[in-house]
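1. sequence first, predicted coordinates after that:
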Amino acid sequence: MYDVAIIGAGPAGLSAAIACAKRQLQVVIIDEFMKPGGRLLGQLHQEPDGTWWNGIKEANILIEQAESLGVDIRCGLSVHHIEKTEQGWHVHTSEETITVPALLLATGAAESPAPVPGWTLPGVMSIGAAQVMTNVHRVRPGKKGIVIGINVLSSAITRELQLAGIEVAGMVLPAENAVTKNASHPSQVLQSLLRISHLAPSAFIRMGSKFVKGKGMQRLALTFYPKNGVKMWGIPIHLRKAVTQINGQEKVESVTLCKVSPDGCIIKGSEETIDVDFVCIAGGLYPLAELAAVSGCPFHYLPELGGHVPVHNEQMKTPLDGLYVAGNITGIESAKVARAQGTVAGLSIVKDLVKSDNSINKELEKALENVNRIRQEAVIQFHPNIHAGREKMEQIFKEKLTIGRA
């Protein structure tokens with residue numbers, strides 16, 4: 001019935017489906033969420049040139065194009081197992097089993113937990129959950145909140161919450177524990193913020209960031225960091241304060257903050273309480289790759305890509321025949337990169353299934369160039385050494401193939 005099954009209806013999955021359907025392949029997309037679009041649905045931000053990136057609008061463009069080409073998009077459907085047989089890939093869903101010769105995993109990313117005492121209270125959520133509530137469901141997570149965790153993702157979503165008219169008391173560090181590690185260390189967090197300082201609305205902040213690139217200057221900057229934080233969009237960013245406790249009886253009522261040293265150590269006797277009715281925890285993202293693990297696909301841990309990543313090459317092929325990957329399952333990057341990777345994956349599938357299509361090589365080459373161009377022009381890099389990580393993965397893929405043939 002289908003030539004291609006795609007798990008994940010985000011930017012990568014939709015783009016891949018379009019590339020396949022344009023060449024008369026029968027495609028089904030499966031996603032457990034109630035509507036297609038993936039991470040695009042929650043995105044709303046202003047680009048450096050002043051234009052607005054509206055994720056819902058971008059998603060609708062892809063959805064309409066895919067549907068016009070006859071792509072079967074099935075939402076609210078869960079996949080619990082995949083396996084390779086002589087008949088092809090069996091995709092076991094909550095309703096039926098679908099068998100296809102080509103399977104693309106575009107499952108995206110998940111948020112890393114950052115445990116804080118009191119985090120089981122109603123009103124505590126991940127920063128991504130707050131984004132979905134606000135931008136997708138149009139429901140405010142609360143009237144006044146605080147964000148625990150300062151990183152690229154939380155900075156972008158905190159701004160989105162503010163645009164929705166929600167008061168954010170500030171962004172603070174999590175108290176140091178076995179899980180938070182670098183996320184609670186002021187110097188490590190400062191380095192990550194310097195990578196997005198060019199997006200700051202204040203020229204003073206943009207200029208000031210240029211003077212603290214060196215480690216010595218960073219140490220000095222943290223030592224004299226303002227006690228009330230540095231404000232961006234009017235939201236205080238506290239690199240010298242951490243949440244040690246979320247308070248409340250039946251729901252979130254307040255948080256306890258403590259000052260921290262430049263090395264991230266709690267300064268005793270510095271406790272203060274801030275009244276809030278919701279808390280967002282931002283622990284970062286990691287590739288959501290459980291289905292790739294179930295398939296038997298080999299993995300490799302690359303911190304440059306965000307964690308354990310299924311082995312693949314730049315054409316989005318894995319060492320397993322008929323299995324492809326695209327988007328954040330291959331490494332944490334922007335939705336624009338994921339969308340471009342999806343096109344590459346789709347064209348790779350066409351190349352393998354439609355042997356008579358002689359034009360595909362040139363199109364695939366252009367699509368690969370487009371991925372590299374978008375990655376090069378990316379306004380925000382979630383991980384600073386993404387290019388090195390991609391090169392390592394390409395080499396690992398070649399080594400796996402060599403071992404397999406031997």
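-> In hand now; what should we look at? Numbering: from 1, shown residues only.
2. shaky segments in the chain?
-> Scanning the chain for pLDDT under 70 picks out the ranges 46, 48, 185, 187, 190-229, 403-406.
3. domains of it?
-> Structural domains assigned to the chain are 4-111+286-405, 124-283, following automatic domain parsing.
4. backbone dihedrals for the spatially closest residue to Pro122 that is not a sequence neighbour, please?
-> For Pro122, ignoring the flanking residues on the chain, the nearest one in space by CB to CB, 6 or more residues apart in numbering is Lys251 at 4.4 Å. C-beta: built from backbone N, CA, C; applies to glycine. When read as degrees, to the nearest 10, the backbone of Lys251 gives phi -160, psi 170.
5. let me see the contact set for Lys251.
-> Lys251 makes contact with Leu121, Pro122, Gly123, Asp277 under the criterion CB atoms under 8 Å, 6 or more residues apart in numbering.
6. what secondary structure does the closest residue in space to the last one that isn't next to it in sequence sit in?
-> Put plainly, it is Asp277. In space, Asp277 comes closest to Gly142 once its chain neighbours are excluded; the distance is 4.2 Å by CB to CB, 6+ apart. Following DSSP: H, G, I helix; E, B strand; the rest coil, Gly142 is assigned to coil.
7. show me what contacts Gly142?
-> Gly123, Ile166, Val252, Val276, Asp277, Phe278.
8. picking up where we left off before, so which of the domains of the chain is nearest Pro117?
-> Closest to Pro117 of these, according to CB to CB: domain 124-283, at 4.9 Å.
9. and the strands in the stretch 301-406 of the chain?
-> 307-310, 323-325 (DSSP state E, counting those that start in this stretch).
10. nearest to Ala102 among those would be which one?
-> Ranking the strands of the stretch 301-406 of the chain by their distance to Ala102 (criterion: CB to CB) puts strand 323-325 first, at 6.9 Å.
11. measure how far the closest one is from the centre of its chain, please.
-> 19 Å (CA atoms, centre = their mean, to the nearest Å).
12. what's that strand packed up against?
-> The contact analysis (3 or more CB pairs under 8 Å, 6 or more residues apart in numbering; DSSP states H and E) places strand 323-325 against strand 102-105, helix 290-295, helix 335-353.
13. out of the ones you listed, which is closest to Ile63?
-> Nearest to Ile63 among those is helix 335-353 (12.6 Å), distances taken as CB to CB.
14. which residue ranges of this structure form helices?
-> Ranges of helices in the chain, per DSSP state H, are 11-21, 55-68, 127-131, 152-163, 186-194, 203-210, 215-223, 290-295, 335-353, 360-377, 386-405.
15. before we move on, the earlier item: tabulate the helices and strands packed on strand 323-325 (CSV), appending distance to Ala378 and mean neighbour count.
-> Converted to CSV, the helices and strands packed on strand 323-325 look like this (distance: least, CB to CB, whole Å; neighbours: other CB atoms under 10 Å):
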stretch, distance to Ala378, mean neighbour count
strand 102-105, 23, 29
helix 290-295, 24, 18
helix 335-353, 7, 25
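16. could you dump those into JSON lines and include distance to Leu40?
-> JSON lines is the format used below for the helices and strands packed on strand 323-325 (distance: least, CB to CB, whole Å):
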{"stretch": "strand 102-105", "distance to Leu40": "17"}
{"stretch": "helix 290-295", "distance to Leu40": "21"}
{"stretch": "helix 335-353", "distance to Leu40": "6"}
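17. longest strand anywhere in this structure?
-> strand 235-247 (DSSP state E).
18. alpha carbons of that strand, as CSV, please.
-> Only the C-alpha atoms of strand 235-247 are listed here, as CSV (Å, rounded to 0.1, in the frame of the first residue of the first chain):
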residue,chain,number,x,y,z
ILE,A,235,13.7,40.0,31.7
PRO,A,236,16.4,39.6,34.3
ILE,A,237,19.0,36.9,33.6
HIS,A,238,20.7,35.8,36.8
LEU,A,239,24.0,34.0,36.4
ARG,A,240,24.8,34.3,40.1
LYS,A,241,21.5,33.0,41.5
ALA,A,242,20.1,29.5,41.6
VAL,A,243,16.7,28.0,42.6
THR,A,244,17.2,25.6,45.5
GLN,A,245,13.5,24.8,46.3
ILE,A,246,10.1,25.1,44.6
ASN,A,247,7.5,25.9,47.3
